[in-house]
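Participant: pasting the structure only:
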């Protein structure tokens, strides 16, 4: 009851976006596009927004898919709720990157959270999100939200015992986020966390970047945590259909929820 | 330390395979191809084998990716070991479809299995697998393996209380596998199973085919089982990077292993 319409070595018809990138060589996600909604060049990267046929509005940075309306829920819910539910009482949260607002939106669903600070290096990202991704950017209007434009690595320099949960919602290590993938950065993250605090960081895909993940694991562990764990999630529009997170806690394993889900979050 | 090489609405360069299909409209997996190794047309479908740059040898039927060397392990291990480990003592196994041999290879890793019968409608599939996918087709040389070329629906017509585990390793419902997606087929499967037996069947992707999955769930449940459960796995080369299985048991839930993994399987 369905028919195959095209395939093989023929080139894709015009009107398709393909995410060809040397960071995941030989493979690409391709999405049919109706319209280019925005094209910009910030101080840091190319910023584009597309209207796709089947995946909603799509946000790309330097040609890499960051957000599609259809599956952003998987990424943002997991990067926020994994650390927040594994902490018994998260009150102060810091997000490095995440300028689209999606992770912040999920953090703010936790009623106990008193403040969320988001530090993104590129002011064009929240600006574009406010215009084209209102379901993500709604987070910025919450009275508990604070938006800082600046480099996350520099921001952390003097922060000590300040946050219960720290979320590193970065792009890939080949662009402006490259400083967010080193040992010194993770040392600053750990220092910025309170006793019992939890760090979660975007940590690439196991099918493509196992060596990078293994090397990250080594230097993250070398800093000293009660637990360093890897969470693997499905998100179709990301390379190889998924992404992983390192979840690091000063308290213990994050595999179990530390508190129940409130009825109004379901 | 990595560089973006190309992107956007430009057409993909020549030498890329794109899996464009009306069954998952508006999205496509694209893989860079070095060489077309085989092109054939069987009585049922187009059969092709490609050498890809990053995903090993690739098998397609009617333009749809069936197997890539790099990630076939995820599909074949899960479709075999989920039902076999959830059964306390599987001795006789039937595979409908699965003509590449991958699921059979995993089944045969269970030392207690006395016989595996595989019934695939298209004789070109095991022939091509023997030539281009020796790591899958090795299963056919096991003395416990029996290969039958024929329609799985017809094969099941007179089978009753014969198998401990039945694996439906089909292609999508729009091709020669269409008879493997109906209520009558699942009734025959249930009849063919012994008391306490387990059925597993390929059941599409939750991001694309939730309605199809919901309708399958209804008619599978209507037949009467001790449990009907859905297992979701990651496999990057499949649409939206994953696939699901319905796991149906005459015994009870399949969420726990019924017996331990033998040391020589690890």
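Facilitator: Great, that's in hand. Everything numeric here is computed off the predicted structure, so don't read it as measured data.

Participant: From residue A:166, how far off is residue A:103?
Facilitator: Distance of residue A:103 to residue A:166, given as C-beta to C-beta, to the nearest Å: 11 Å. Every residue, glycine included, has its C-beta placed from N, CA and C.

Participant: any shared contact partners between the two?
Facilitator: Shared contacts of residue A:103 and residue A:166 (C-beta atoms under 8 Å, 6 or more residues apart in numbering or on different chains): residue A:95.

Participant: near chain B, which residues of the stretch 151-266 of chain A show up?
Facilitator: Residues of the stretch 151-266 of chain A found near chain B (C-beta under 8 Å from any C-beta of the partner chain) are A:172-174, A:178, A:207, A:232, A:234-236, A:238, A:240-242.

Participant: Return a selection command, for use in PyMOL, containing the buried ones of the residues you listed.
Facilitator: To isolate the buried members of these in PyMOL, using 16 or more other C-beta atoms under 10 Å in any protein chain shown:
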select buried, chain A and resi 172+173+174+178+207+234+235+236+238+240+241+242
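
Participant: from the residues of the stretch 151-266 of chain A next to chain B, which has minimum pLDDT?
Facilitator: On pLDDT alone, residue A:174 ranks lowest of these, at 71.

Participant: Enumerate the positions of the helix or strand where residue A:73 lies that are buried.
Facilitator: Here residue A:73, judged by DSSP states H and E, is contained in helix A:72-85. Buried residues in helix A:72-85, counted by 16+ other C-beta under 10 Å: A:72, A:74-85.

Participant: With distance to chain B and pLDDT added, can I get these in JSON lines?
Facilitator: Listed next are the buried residues of helix A:72-85 as JSON lines, based on distance: C-beta to the nearest C-beta, whole Å; pLDDT from 0 to 100:
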{"residue": "A:72", "distance to chain B": "12", "pLDDT": "98"}
{"residue": "A:74", "distance to chain B": "9", "pLDDT": "98"}
{"residue": "A:75", "distance to chain B": "13", "pLDDT": "98"}
{"residue": "A:76", "distance to chain B": "16", "pLDDT": "98"}
{"residue": "A:77", "distance to chain B": "14", "pLDDT": "98"}
{"residue": "A:78", "distance to chain B": "14", "pLDDT": "98"}
{"residue": "A:79", "distance to chain B": "17", "pLDDT": "98"}
{"residue": "A:80", "distance to chain B": "20", "pLDDT": "98"}
{"residue": "A:81", "distance to chain B": "18", "pLDDT": "98"}
{"residue": "A:82", "distance to chain B": "17", "pLDDT": "97"}
{"residue": "A:83", "distance to chain B": "22", "pLDDT": "97"}
{"residue": "A:84", "distance to chain B": "23", "pLDDT": "98"}
{"residue": "A:85", "distance to chain B": "20", "pLDDT": "97"}
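
Participant: could I get these as a markdown table with distance to residue A:137?
Facilitator: Output for the buried residues of helix A:72-85, formatted as a markdown table (distance: C-beta to C-beta, whole Å):
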| residue | distance to residue A:137 |
| --- | --- |
| A:72 | 12 |
| A:74 | 19 |
| A:75 | 16 |
| A:76 | 12 |
| A:77 | 17 |
| A:78 | 20 |
| A:79 | 17 |
| A:80 | 15 |
| A:81 | 19 |
| A:82 | 22 |
| A:83 | 22 |
| A:84 | 20 |
| A:85 | 24 |
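
Participant: between those, which is nearest residue B:94?
Facilitator: Distance to residue B:94, by C-beta to C-beta, is smallest for residue A:74 among the buried residues of helix A:72-85, at 35.2 Å.

Participant: hang on, isn't the closest one packed against residue A:235?
Facilitator: Yes - applying C-beta atoms under 8 Å as the test, residue A:74 and residue A:235 come out as touching, 4.6 Å apart.

Participant: burial of the closest residue to residue A:66 other than its chain neighbours, as a residue count?
Facilitator: The shortest distance from residue A:66 to any residue other than its chain neighbours is 4.7 Å, reached at residue A:59 (C-beta to C-beta, 6 or more residues apart in numbering or on different chains). Residue A:59 has 25 neighbours, counted by other C-beta atoms under 10 Å in any protein chain shown.

Participant: Is residue A:59 part of a helix or strand, or is it coil?
Facilitator: strand (DSSP: H, G, I helix; E, B strand; the rest coil).

Participant: can you tell me which residues contact it?
Facilitator: Residue A:59 neighbours (C-beta under 8 Å, 6+ apart): A:47-49, A:65-68, A:100, A:128-129, A:132-133.

Participant: Just name the closest of those to chain B, please.
Facilitator: residue A:48 (7.7 Å; C-beta to the nearest C-beta).

Participant: which residues does the closest one bridge with?
Facilitator: Beta-bridge pairing for residue A:48 (DSSP bridges): residue A:39, residue A:60.

Participant: Please name the nearest non-neighbouring residue to whichever residue of chain A sits closest to chain B.
Facilitator: Nearest residue of chain A to chain B: residue A:241, at 1.3 Å (C-beta to the nearest C-beta). In this structure, residue A:241 finds its nearest non-sequential neighbour in residue B:241, 1.3 Å apart by C-beta to C-beta, 6+ apart.

Participant: thinking that neighbour is in contact with residue A:232, fair?
Facilitator: No - with contact defined as C-beta under 8 Å, residue B:241 does not count as touching residue A:232 (11.6 Å).
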